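Novice: No letters, just coordinates:
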């Protein structure tokens, strides 16, 4: 039920909201969910930690802000990090 989903996620069902518009126009009719198994970690030519390994390195009892970018970091992102 997409209307219920967007109301719970975004607090509105208005197509003026970009998230609601994305759910309405870009998502398919069916979603799949559940445990994913049978996959191996990707082979990389550079060091890359798993999410569990990253969490273990984070300071306890401190708020942490993270940023994930699917594309290479460019200058504006770099400036935010430094």
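Specialist: Structure's in. What do you need? Because the structure is predicted, anything quoted here is derived from the model rather than measured.

Novice: Please, which helix or strand holds the residue nearest the centre of the chain?
Specialist: Computing the C-alpha centroid of the chain and ranking residues by CA atoms, centre = their mean puts residue 68 first, at 7.3 Å. Secondary structure from DSSP states H and E places residue 68 outside every helix and strand.

Novice: which regions of this structure sit below the pLDDT cut-off?
Specialist: 69 (pLDDT under 70).

Novice: Show me the helices in it, by range?
Specialist: Applying DSSP state H to the chain gives helices spanning 2-10, 18-25, 51-57, 75-81.

Novice: now those helices in a markdown table, with distance to residue 31?
Specialist: All C-beta atoms are positioned from the backbone trio N, CA, C, and that covers glycine. A markdown table is the format used below for those (distance: least, CB to CB, whole Å):
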| stretch | distance to residue 31 |
| --- | --- |
| helix 2-10 | 9 |
| helix 18-25 | 10 |
| helix 51-57 | 22 |
| helix 75-81 | 30 |
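
Novice: closest one to residue 36 among those helices?
Specialist: helix 51-57 (13.1 Å; CB to CB).

Novice: From the rest of the structure, what touches that closest one?
Specialist: residue 49 (CB atoms under 8 Å, 6 or more residues apart in numbering).

Novice: Make residue 1 into 37 and carry on from there
Specialist: Okay, using 37 as the starting number, the last item reads as helix 87-93.
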